[in-house]
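Q: the following block contains a protein sequence and its predicted model.
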Amino acid sequence: MRNAFAQVLTELAKSNDKLVLFYADIGNRLFNPLKEFAESRTINAGIAEANMASMAAGSAMMGHKPFIYTITPFTTARNFEQIKIDIAYQNQPVIIVGTGSGLSYANLGPTHHSFEDIALMRALPNMNVVCPADAQELELLMPQLIELNQPCYFRIGKKNEPSVHASPPKLVFGKAHIMKHGHKVAILSTGTIMPLAQQLCAHLKAFNIDAELVSFHTVKPLDKAYLEDAANRFVHLVTLEEHNVNGGFGSAVLEYVSDNDLSVKVHRFGIPDFFIDQVHNTPDARDKAGLNIETLSDKLKQRGVM
Amino acid sequence: MKLESIAAQIRHTLCDVSSKTKTPHLGSCLSCTDILTALYFGVMNIEPKTPELPERDYFLLGKGHAASALYTVLAYRGYFPVEDLYQHGQTGSQFEEHPGIHAPPGVETASGSLGHALSLATGMALSSQLQNKTNRFFVLMGDGEINEGTVWEAAMFAAGKKLSNLVAIVDFNKLQGTGESCNIMHLEPLEDKWRAFGWHTIRLDGHDINALQSALSNTDNINKPICIVADTVKGKGVSFMENDNNWHYRIPTADEVLLAKEELGVS
């Protein structure tokens, strides 16, 4: 997905001379194509992410449209206060790109995991939060985020994420994308965990449950219209994310359902409230978190969904 | 009117506003009054009646708790009436104790969290340079503020990019919130630190308005960011406030404001 980000940014920067990229000394050769025609707008900010966030806000104040890019924990948590004051409060159109989100860098340990970033970013007024499921979603959403001209957090994966759409979807920022209509149960997934959501959908079908499958690429603003409609159509909403179950996408859905007295049950699945270490790869890390079809199936049986 | 006389009037107004609105940080404001006076009356390219002038020079206040000093200098420079300053810190006022996004004309950025302004200004200076604009960017930081690591991140970046349109001024009054700056962290030799970080650095008396003006003019041939280490006195201009760190938070009584007025020689 990071390759797609670099390619899409390069294309967009050709027709928009206001786009600038600040990156914190990562992405060896990744941005060479961008550098080739826009070297001065391809800015290595050094390994200094807090300064990078504030510099991007300053750059936006002077009319540029900056992206800041590095591995997620360093561009959401380490520089959180700079994002809060200089980007969110001062409402500057900076697009914060967190690459290798969730458990993408599973083997690198808790320093490189990010499963608190959605919670952090969605707690900031003015901030939009978008989590594409694959490279195609990234490509379709990125121009819309630039057009939005507001603070935005763009949570992306690392590399080789499977494509989740058979044909190009019509994605609209802020609108949940229904990938498959269904009854009784809706699976709402955000970000790169979508293949597991698809697997779960197929699994439920084997139990004669025709579940709806939805890509909730935009976590904030939440698509309230979809949730209102879903509450009338479904008994169960299953949320799925590669993020702590506390404070993330599932929490956002649950809050809306509770605050508005919607009569639908919400079942949140994500990373339990513990750190994950001593794992070799992402599948192992997901297993530790219970993000596999067996664990999801057991839990849904316990909860009477299946 | 001589700039020193304007600075004295500004100091008196600062005391009076602090007393009447019950807002603190007077010592911090008095310490940077001459620096701000020099910038706004003698250095920066600004038009108070057109605060958004695209070619203007920008001033960013790093030590946001000295907001009153900025507001007061802006008022005396003609951005808005001096009487407006008495709304300082009141509910619904644009004159917040830390400048917010609804701040009065002439205030460029929100402030209050230390260590942001130099980074913001560095991004602004870089973008301005990339767009072939001629703005200059002035940042005032406290000596306590430069404890923040982001200041040094920005310092390294700005020097790396040779941002000659960027000026940092350290209000080096030797006192921060709860103690002596040089005992809390190892700050000296401060000008050597900035020089080592790649900045054209000048150390001067931060109450010498002529010296400040002179250092910040004729800088066309300098091909790197500029740092002024300005030696100052916290509470400068009012004898019973000078170097007394209680005035970081204390509010003067009406009688103390009168005493200050006499000392400042303001009619």
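A: Everything's here; your move.
Q: quick check: buried residues in stretch B:42-52?
A: B:43-44, B:46, B:48, B:51 (16 or more other CB atoms under 10 Å in any protein chain shown). No exception for glycine: its C-beta is placed from N, CA and C like everyone else's.
Q: could you single out the nearest of these to A:T72?
A: B:P51 (38.5 Å; CB to CB).
Q: which residues touch the nearest residue to A:K170 once chain neighbours are set aside?
A: In space, and not counting its chain neighbours, A:K170 is closest to A:H177: 7.6 Å by CB to CB, 6 or more residues apart in numbering or on different chains. A:H177 makes contacts with A:169-171, A:214-217, as judged by CB atoms under 8 Å, 6 or more residues apart in numbering or on different chains.
Q: any of those residues buried? List them.
A: With neighbours counted by 16+ other CB under 10 Å, these contain buried members at A:169, A:171, A:214-217.
Q: of those, closest to chain B?
A: The closest of the buried ones among the contacts of A:H177 to chain B turns out to be A:H217 (CB to the nearest CB; 28.8 Å).
Q: is A:A230 in a helix, a strand, or coil?
A: Here A:A230 is helix, with the state taken from DSSP: H, G, I helix; E, B strand; the rest coil.
Q: list the contacts for it?
A: A:A230 is in contact with A:186, A:212, A:237, A:264, counting by CB under 8 Å, 6+ apart.
Q: now for the last one, how many residues are close by?
A: Looking back up the chat, that one is A:V264. 16 (other CB atoms under 10 Å in any protein chain shown).
Q: list the residues that contact the nearest residue to it once chain neighbours are set aside.
A: Of all residues not flanking A:V264 in the chain, A:A231 sits nearest, at 4.3 Å (CB to CB, 6+ apart). Residues near A:A231 by CB under 8 Å, 6+ apart: A:257, A:262-264.
Q: contacts for stretch B:254-261, please.
A: Residues outside stretch B:254-261 that contact it (CB under 8 Å, 6+ apart): B:11-12, B:15-16, B:19, B:237-238, B:240-241, B:252.
Q: neighbour-wise, which one of these leads?
A: Busiest of these [other CB under 10 Å] is B:R11, holding 28 neighbours.
Q: that one contacts B:G237, correct?
A: Yes - using CB atoms under 8 Å, B:R11 is in contact with B:G237, at 4.7 Å.
Q: find the residues that touch each one of the two.
A: Jointly contacting B:R11 and B:G237 under the rule CB under 8 Å, 6+ apart are B:30, B:33, B:260, B:264.
Q: just confirm the second one is within a helix.
A: The reference is to B:T33. Yes - per three-state DSSP, B:T33 lies within a helix segment.
Q: for it, report the pLDDT, please.
A: B:T33 is assigned 98 on the pLDDT scale.
Q: could you tell me which residues of the stretch 151-267 of chain B lie near chain A?
A: B:153-154, B:156-157, B:160 (CB under 8 Å from any CB of the partner chain).
Q: who are the contact partners of B:H207?
A: Per CB under 8 Å, 6+ apart, neighbours of B:H207: B:34, B:232-233, B:236.
Q: who's in contact with the residue of the stretch 51-200 of chain B found nearest chain A?
A: Proximity of the stretch 51-200 of chain B to chain A (CB to the nearest CB) peaks at B:G123, 2.8 Å away. When contacts are counted by CB under 8 Å, 6+ apart, B:G123 touches A:54-62, A:66.
Q: ok, it to A:K18 distance?
A: Going from B:G123 to A:K18 by CB to CB, to the nearest Å gives 14 Å.
Q: can you give me the helices for the stretch 1-150 of chain B?
A: Under the criterion DSSP state H, counting those that start in this stretch, the stretch 1-150 of chain B contains helices at B:3-21, B:26-38, B:67-77, B:117-130, B:149-160.
Q: by contact count, what packs against the longest one?
A: Yep, that's helix B:3-21 we're talking about. helix B:26-38, helix B:67-77, helix B:209-216, helix B:254-264 (3 or more CB pairs under 8 Å, 6 or more residues apart in numbering or on different chains; DSSP states H and E).
Q: looking at these, which one is packed in the most?
A: Most buried of those by mean neighbour count (mean count of other CB atoms under 10 Å in any protein chain shown) is helix B:26-38; its value is a mean of 28.
Q: distance between that one and the chain's centre?
A: Offset of helix B:26-38 from its chain centre (CA atoms, centre = their mean, to the nearest Å): 6 Å.
Q: stretch B:166-184 too?
A: The chain centroid and the centroid of stretch B:166-184 are separated by 12 Å under CA atoms, centre = their mean.
Q: make a markdown table out of the helices and strands packed on helix B:3-21 and add distance to A:T42.
A: A markdown table is the format used below for the helices and strands packed on helix B:3-21 (distance: least, CB to CB, whole Å):
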| stretch | distance to A:T42 |
| --- | --- |
| helix B:26-38 | 36 |
| helix B:67-77 | 35 |
| helix B:209-216 | 32 |
| helix B:254-264 | 53 |
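Q: about what we covered before: just give me the closest of the contacts of stretch B:254-261 to A:F37.
A: B:R11 (53.8 Å).
Q: state the distance from the closest one to A:I276.
A: The gap separating B:R11 from A:I276 is 58 Å, by CB to CB.
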